[in-house]
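Trainee: Provided below are the primary sequence and the corresponding predicted coordinates.
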Amino acid sequence: MEPVRQVEGRAYPLGLKNVDTDVIIPAPYLKTISRKGLGKGAFESLRAQPGNVFDDPEYAGAPIIVAGDNFGCGSSREHAAWALVDMGVKAVIAPSFSDIFSGNAFKNGIVTVVLPQEAVDRLVEVAKTDAITVDLESQTVTTPFQDRFTFEIDPFRKTCLIEGLDEVGLTIAREAAIAAFEGKMAAERPWL
């Protein structure tokens, strides 16, 4: 997983509430175990609508989505996080997230930022014309217009995201301690 300290750029001004994982990545795309290529199917039902933000060249490659309440609700498919990563999304800002989606996003290096509805409304407006910055170290979201919104994040998740540590990376980081424990156990309990 790549370290994430700051995400800066244009944002998709989605603003929709209750965007479920079926909308993020429809079921026909779930036949793969690969993380690559899912971005092309992301938000397929929304992309079918004329004038959608995901096909607007002004937002092409935007690393941030500003969404409404309850983003990522629905099924527990990790493919939703994979699809967002594949389309280049590194942060999602919303008033709330599904717990399962939030966990899957974290495990895939996506910063989920919870802000009050008023802040999200402001960011949707700013995103229509200007870039937004999510700074994980200072736990702030800022705009070129001097808007500054602070957010909370679990300290463990913050550390993992900043250091780029997923579950495998965390285990490898403790390799020496694990080897020492295994050596001690082998000496103390050779029958195991």
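Mentor: Sure thing, it's come through.
Trainee: Residue 78 contacts residue 103, doesn't it?
Mentor: No - between residue 78 and residue 103 there is no contact under CB atoms under 8 Å: 9.3 Å. For every residue, glycine as well, the C-beta is placed using N, CA and C.
Trainee: how about the strands of the chain, start to end?
Mentor: Using DSSP state E, the strands of the chain run over 6-9, 11-13, 64-66, 91-94, 111-114, 132-135, 140-142, 148-150.
Trainee: Figure out which of those is closest to residue 55.
Mentor: Closest to residue 55 of the strands of the chain is strand 11-13 (CB to CB; 10.6 Å).
Trainee: Contact partners for residue 36?
Mentor: Contacts of residue 36 were listed using CB atoms under 8 Å, 6 or more residues apart in numbering, and they are residue 86.
Trainee: Just the C-alphas of the lowest-mean-pLDDT helix or strand in the chain, formatted as PDB.
Mentor: Sorted by mean pLDDT, DSSP states H and E, the helices and strands of the chain end with helix 167-173, the least confident at a mean of 87. The C-alpha trace of helix 167-173 is given here as PDB (Å, rounded to 0.1, in the frame of the first residue of the first chain):
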ATOM      1  CA  GLU A 167      -2.100  -6.000   7.200                       C
ATOM      2  CA  VAL A 168       0.900  -7.700   5.400                       C
ATOM      3  CA  GLY A 169       3.100  -4.700   5.900                       C
ATOM      4  CA  LEU A 170       2.200  -4.600   9.600                       C
ATOM      5  CA  THR A 171       3.200  -8.200  10.000                       C
ATOM      6  CA  ILE A 172       6.500  -7.700   8.100                       C
ATOM      7  CA  ALA A 173       7.200  -4.700  10.300                       C
END
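Trainee: elements contacting that helix?
Mentor: Secondary-structure packing of helix 167-173 (3 or more CB pairs under 8 Å, 6 or more residues apart in numbering; DSSP states H and E): helix 155-163.
Trainee: Now the helix it packs on: buried residues?
Mentor: Residues of helix 155-163 classed as buried: 157-158, 160-161 (neighbour count, 16 or more other CB atoms under 10 Å).
Trainee: Tell me the one of these nearest residue 175?
Mentor: For those, the nearest to residue 175 is residue 160 (16.7 Å; CB to CB).
Trainee: these two touch, right, that closest one and residue 106?
Mentor: Yes - Residue 160 is in contact with residue 106 according to CB under 8 Å; the separation is 7.4 Å.
Trainee: Need the mean per-residue confidence for the lengthiest helix in the chain.
Mentor: Longest helix in the chain by number of residues (criterion: DSSP state H): helix 175-188. For helix 175-188, mean pLDDT is 92.
Trainee: now what about the least confident helix or strand of the chain, what contacts it?
Mentor: With contact meaning CB under 8 Å, 6+ apart, helix 167-173 is reached by 1, 107, 160, 163, 165, 178.
Trainee: go again using 7 Å as the cut-off
Mentor: 1, 107, 165 (CB atoms under 7 Å, 6 or more residues apart in numbering).
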